[in-house]
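[1] pasted the sequence and its predicted model underneath.
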Amino acid sequence: MKKNSTVLDAIDLKILNIMQTDCLTTTSKLAEVLSMSETPCWRRLKRLEEEGFIQGYQAILNKEALGFEVTAFVHLSVDSHTEDVTRKLEEKITSCPEVVALYNVTGDYDFLIKIVCKSISLYTEFIEKTLRKIPCITQIKTSITLREVYDSRLLPLSART
């Protein structure tokens, strides 16, 4: 998403804060909390969606309860940074269901991937059958998490944003 030039006011920021905390909040509850009527509240929410400030809604699932025992962060180095090679690499990696996040980063590596798997053997299979088969990847470095201490998906919105 391109940076939006729309200026967000305090009410917009309150709406975004509420919705990122509980996306099931109804328009009537939102309007009540914001001390406004439902129609203008609904219009603001729709505008925030249409302008791309709200990209979608989803449930946050419990990885462990669903059997995902391995979370890994993988640093990749690549030998080519052309637009075509980068696009193909990104498409290949993001098409893998194990990949929950992909970042192009600065520093010693070119990409950082967050991967979740049900077992270490499935993680190993992903490395062997997927990453090691991508020709432009020159180095793979993995950190397996021991435990998740904190993982907030909330953006730090405030009136200063």
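    Thanks, I have the structure now.
[2] C-alpha only now, for contacts and for neighbours.
    Fine.
[3] okay, now the domains of this structure?
    Split into domains by automatic domain parsing, the chain comes to 10-50, 70-144.
[4] so the residue nearest the centre of the chain: helix, strand or coil?
    Note on the chain: the residue nearest the mean C-alpha position is A101, at 5.8 Å, using Cα atoms, centre = their mean. Under DSSP: H, G, I helix; E, B strand; the rest coil, A101 falls in the strand class.
[5] just give the nearest non-adjacent residue to it, would you?
    Spatial nearest neighbour of A101, chain neighbours left out: K114 (5.0 Å); criterion: Cα to Cα, 6 or more residues apart in numbering.
[6] now the residue of the chain most remote from its centre: phi and psi?
    Distance from the centre of the chain peaks at S37, with 32.5 Å (Cα atoms, centre = their mean). Main-chain torsions, S37, degrees, to the nearest 10: phi -80, psi 160.
[7] isn't it up against A31?
    Yes: shown here, S37 and A31 form a contact pair, counting by Cα atoms under 8 Å, at 5.6 Å.
[8] hmm, back to that, roughly how far apart are the residue farthest from the centre of the chain and Q139?
    Separation of S37 from Q139 (Cα to Cα, to the nearest Å) stands at 56 Å.
[9] tell me how far the residue nearest to I115 when sequence neighbours are not counted lies from R47.
    Once flanking residues are discounted, I115 sits nearest to V99: 4.6 Å by Cα to Cα, 6+ apart. For V99, the distance to R47 (Cα to Cα) stands at 31 Å.
[10] neighbour count winner among those two?
    Just comparing V99 and R47: by other Cα atoms under 10 Å the higher neighbour count belongs to V99, 18 against 14.
[11] any regions of this structure where pLDDT drops low?
    Scanning the chain for pLDDT under 70 picks out 1-5, 159-161.
[12] in it, which spans are strands?
    With DSSP state E applied, the chain shows strands at 70-78, 99-104, 111-117, 137-144, listed in chain order.
[13] which stretch among those comes nearest L154?
    Across these, L154 has its closest neighbour in strand 99-104 (15.6 Å, Cα to Cα).
[14] just checking, the residue nearest to A101 touches V99?
    Yes: counting by Cα under 8 Å, K114 does reach V99; the two are 6.0 Å apart.
[15] what's the separation between the nearest residue to I54 once chain neighbours are set aside and C41?
    Distance criterion Cα to Cα, 6+ apart; nearest residue to I54, sequence neighbours excluded, is L48 at 5.8 Å. The gap separating L48 from C41 is 11 Å, by Cα to Cα.
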